[in-house]
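> based on what follows, work out the 3D shape:
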Amino acid sequence: MPTTKANQKAVAKYVKNNYDEFKIRSPKGTKDIIKAHTERTGESVNEFFNRAITEQMKRDAEA
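Okay, here's the model as predicted:
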């Protein structure tokens, strides 16, 4: 079933109201390495970034 414009608009509004977004820049080739890693671990790139950031902030707080 194709997505309607109304559905796309509703999803965009939900995302805007419920999530913060970041733009991350990394050296060429890093994206492919990260995607391959997340495919092996069974998580999305977004899940990987959120987990990595959360774990690092916990380590920093303990230091």
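
> gap between residue 54 and residue 48?
Relative to residue 48, residue 54 is positioned 11 Å away (C-beta to C-beta, to the nearest Å). C-beta coordinates here come from the backbone N, C-alpha and C atoms, glycine included.

> quick one: which of the two has more around it?
residue 48 (15 against 10; other C-beta atoms under 10 Å).

> tell me the pLDDT of that one.
Residue 48 carries a pLDDT score of 97 in this model.

> what sits against it?
34, 37, 38, 41 (C-beta atoms under 8 Å, 6 or more residues apart in numbering).

> in the helix or strand containing residue 15, what counts as buried?
Residue 15 belongs to helix 5-18 when elements are defined using DSSP states H and E. Residues of helix 5-18 include none that count as buried (16 or more other C-beta atoms under 10 Å).

> please, where are all the helices along this protein?
5-18, 30-41, 45-62 (DSSP state H).

> quick one: closest of those helices to residue 24.
helix 45-62 (7.4 Å; C-beta to C-beta).

> now the angle from the closest one to helix 30-41?
90 degrees (axes from the mean of the first three to the mean of the last three C-alpha atoms, to 10 degrees).

> hmm, back to that, just the CA trace of the helix holding residue 15, in CSV.
Taking C-alpha atoms only, helix 5-18 is exported to CSV below (Å, rounded to 0.1, in the frame of the first residue of the first chain):
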residue,chain,number,x,y,z
LYS,A,5,0.9,12.6,1.5
ALA,A,6,-1.3,13.0,4.6
ASN,A,7,0.5,10.0,6.3
GLN,A,8,3.9,11.4,5.4
LYS,A,9,2.9,14.8,6.9
ALA,A,10,1.7,13.1,10.1
VAL,A,11,4.9,11.1,10.4
ALA,A,12,7.0,14.2,9.8
LYS,A,13,5.0,16.1,12.5
TYR,A,14,5.4,13.3,15.0
VAL,A,15,9.2,13.1,14.4
LYS,A,16,9.5,16.8,14.7
ASN,A,17,7.6,16.9,18.0
ASN,A,18,9.2,13.8,19.6
